[in-house]
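> Return a 3D structure for these sequence lines:
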Amino acid sequence: MTTYSLIYNGTLINGSGNEPLLNAAILIKDNEIIAVGDENSISMPDEEIKRINAGEMFILPGFIDTHVHVMTNGFKDEDTLYDPLSLYFYKGAENLRKTIEAGVTTIRDAGFADLGVKMAVEQGLILGPRIQISVMPLSITGGHFDFWRDSGFDIRISYPGLPEHICDGADEVRKRTREVIRSKADFIKVMVTGGVMSANDGPEHTQFTVEELKVIVEEGKSHGNIKVMAHGHGAEGIKNALKAGIHSIEHGSYIDDEAIQMMIDQGAYLVPTFVVMHHNKKFAESGDLPEWSIKQALEIVDIHKKNIKKAYEAGVRIVMGTDCGVVPHGINLEELGFLYDMGMSADEAIVAGTKTAAECIGYDDKIGTIEEGKLADIIICKKDPIAHIKSLGNPDNIIMVMKDGKIVKDLRN
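Sure, this is the predicted structure:
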């Protein structure tokens, strides 16, 4: 049975960077937007319509977090060592709920969410955003996603169906990439440098050769053009990734002028993840990070901001991503405030989390803007996000969330 919904009496910020539209209305048929405009200009069907009063608040597209770990809560060794495996999945369900209630209706998971998690959301078993999965990020031995500790124990979470991910040399890289693709990855994730939270390396350490990275990109292309996202802090690792044809660079802390130009020339996306940089610094200052990561977390914040600003000013395509899962879930839209502090206008920050993010993950024909033919992923927020962009970072300011035409959060009453 066809159902119609009308969202009305609000100011529309449609995600494209256009001027806000006062007294806007959005007509939805089932899960699809079929008309957008001034409330008086929309032709209504001769059928029952569910009317959703925006209460003179602000209507935006559902946001897209292109870098999140919904199955993790700080990557703490003790969680893997002591918690039952089943608890891991229940925590994941709670993380998904927090994410969608923060106004994020689509995510690209950067590691650990598998096909079953995606299916559970799609089948309505748990509440969460639409998910693209990378399943397990590829890492070299001793690299950023190698969970081997000095004790001799490997504390990586493991269960049937979660593929192995450590690989060295072109042949092994090819095999591991195929195994990740076999696990139904929507994206392939690879660690091209070390990381802030690594026990065995540092952010500027280069990992994987250009030859190995080209194998990953090649396998993705041969399996339906699956794109590759690369965790990359150090400039050499970033440039290796770009030489191989990788689609997006995550973090980009030490990106240099040459890498910036390569990104512009290739149309690659940069996902800065300011949220994780900022919160990791606070955790380092309070002593709440592992000893091996404290110095790196304190040092990298200012360097990262300076280099991301340089990339932005040069014209690199910047996309919203947070790395929530390393830091708490549900604070995703704080990223918009950090993008604003870096130099974006409020409009640009919103577009980075909607239209450009949708382009990055290949969903721009479905989501990212509020216009005819798109899926009805829509949020209503209390404060004007153009005047108060940082207000979006508070989930209490997100009054309503609609995903795929269904209201999943509603605080209007």
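> Could you list the low-pLDDT ranges of the protein?
For the chain, the stretches flagged by pLDDT under 70 are 199.
> what's the longest helix in it?
helix 291-314 (DSSP state H).
> Run me through the strand neighbours of the very next helix or strand once past that helix, direction for each.
Remark: after helix 291-314, the chain's next helix or strand is strand 317-318, criterion DSSP states H and E. Partner strands for strand 317-318, per DSSP bridges, with pairing direction: strand 269-271 (parallel).
> hmm, who's touching the partner strand?
The contact list for strand 269-271, computed with Cβ atoms under 8 Å, 6 or more residues apart in numbering, reads 66-67, 229, 247-252, 255, 263, 308, 311, 316-321, 356, 359-360. Quick note: C-beta positions are derived from backbone N, CA and C, even for glycine.
> Quick one: buried ones out of these?
66-67, 229, 247-252, 255, 263, 308, 311, 316-321, 356, 359-360 (16 or more other Cβ atoms under 10 Å).
> Now, those that are in strands?
66-67, 229, 248-251, 317-318 (DSSP state E).
> Closest one of these to residue 104?
When those are compared for distance to residue 104 (Cβ to Cβ), residue 66 wins out at 10.2 Å.
> measure the closest one to residue 236 for me?
Using Cβ to Cβ, to the nearest Å, residue 66 is found at 24 Å from residue 236.
> Over to residue 188?
21 Å.
> Tell me which of those two has more neighbours.
Just comparing residue 188 and residue 236: by other Cβ atoms under 10 Å the higher neighbour count belongs to residue 188, 26 against 18.
> right, and the more buried one touches residue 134 too?
Yes. In this structure residue 188 lies within contact range of residue 134 using Cβ atoms under 8 Å: 6.3 Å.
> Now the common contact residues for those two.
Common neighbours of residue 188 and residue 134 (Cβ under 8 Å, 6+ apart) are 180, 229.
> What segments of the chain are helices?
77-82, 85-101, 115-122, 170-182, 210-222, 235-244, 257-266, 274-285, 291-314, 334-342, 346-352, 355-360.
> could you redo the ones you listed as TSV and give each row distance to residue 107?
Formatted as TSV, these follow (distance: least, Cβ to Cβ, whole Å):
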stretch	distance to residue 107
helix 77-82	21
helix 85-101	6
helix 115-122	10
helix 170-182	18
helix 210-222	20
helix 235-244	22
helix 257-266	23
helix 274-285	14
helix 291-314	21
helix 334-342	13
helix 346-352	15
helix 355-360	10
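> Of all these, which one is nearest residue 193?
helix 235-244 (3.6 Å).
> buried stuff in that closest one?
Buried, per 16+ other Cβ under 10 Å, within helix 235-244: 235-242, 244.
> Hey, what's the angle from that helix to helix 291-314? Just curious.
Counting by axes from the mean of the first three to the mean of the last three Cα atoms, to 10 degrees, helix 235-244 lies at 60 degrees to helix 291-314.
> contacting residues around stretch 36-49?
For stretch 36-49, using Cβ under 8 Å, 6+ apart, the contacting residues are 2, 4-6, 8-9, 12, 14, 21, 23-27, 29, 35, 370-372.
> Can you select the buried ones from those in ChimeraX?
Buried subset of these, written as a ChimeraX selection, criterion 16+ other Cβ under 10 Å:
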select :4,5,6,8,9,12,14,21,24,25,26,27,29,35,370
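> From the contacts of stretch 36-49, which land in strands?
Checked against DSSP E, the contacts of stretch 36-49 include these in strands: 4-6, 8-9, 12, 21, 23-27, 29, 35.
> Show me which pair in the residues you listed is furthest apart.
Farthest pair in the ones in strands among the contacts of stretch 36-49 (Cβ to Cβ) is 23 and 29. Separation: 21.4 Å.
> Show the end-to-end separation of stretch 216-228, please.
8 Å (Cα to Cα, to the nearest Å).
> residues of it that come out buried?
Here stretch 216-228 shows 216-217, 219-220, 226-228 as buried, counting by 16+ other Cβ under 10 Å.
> how distant is it from the center of its chain?
20 Å (Cα atoms, centre = their mean, to the nearest Å).
> got it, and stretch 332-348?
Distance, stretch centre to chain centre, for stretch 332-348: 15 Å (Cα atoms, centre = their mean).
> again with stretch 342-355
In this view, stretch 342-355 has its centroid 15 Å away from the chain centroid, taken as Cα atoms, centre = their mean.
> ok, and for it, which residues are buried?
Neighbour count says stretch 342-355 has 342, 344, 346-355 buried, by 16+ other Cβ under 10 Å.
> before we move on, the earlier item: ok, the ones in strands among the contacts of stretch 36-49 vs residue 299, which is closest?
For these, with residue 299 as the reference and Cβ to Cβ as the criterion, the closest is residue 12, at 42.5 Å.
> thought the closest one was touching residue 26?
Yes. Contact criterion Cβ under 8 Å: residue 12 and residue 26 qualify, at 7.3 Å.
> about what we covered before: and the buried residues of stretch 342-355, which is closest to residue 92?
residue 353 (22.6 Å).
> Leaving out sequence neighbours, find the closest residue to the closest one.
residue 320 (3.6 Å; Cβ to Cβ, 6 or more residues apart in numbering).
> Over to residue 74?
residue 326 (6.7 Å).
> how about the one you found, what does it touch?
69, 72, 74-75, 197, 276, 280.
> Of the residues you listed, which is the nearest to residue 152?
Using Cβ to Cβ, residue 75 is the member of the contacts of residue 326 that lies nearest residue 152, at 19.4 Å.
> give me the number of residues near that closest one?
For residue 75, the count of nearby residues is 18 (other Cβ under 10 Å).
> right, and it touches residue 196 too?
No. Taking contacts as Cβ under 8 Å, residue 75 lies outside contact range of residue 196: 11.0 Å.
> list residues touching both of these two?
With Cβ under 8 Å, 6+ apart, residue 75 and residue 196 have no common neighbours.
> who's sitting farthest from the centroid in this protein?
The outermost residue of the chain, judged against the average C-alpha position, is residue 46 (39.9 Å), by Cα atoms, centre = their mean.
> ok, now how distant is that one from residue 37?
19 Å.
> circling back to that earlier point, shared neighbours of residue 12 and residue 26, anything?
With Cβ under 8 Å, 6+ apart, residue 12 and residue 26 have common neighbours 36, 59, 370.
> Can you lay out the residues you listed as a markdown table showing distance to residue 152?
A markdown table is the format used below for the shared contacts of residue 12 and residue 26 (distance: Cβ to Cβ, whole Å):
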| residue | distance to residue 152 |
| --- | --- |
| 36 | 59 |
| 59 | 55 |
| 370 | 54 |
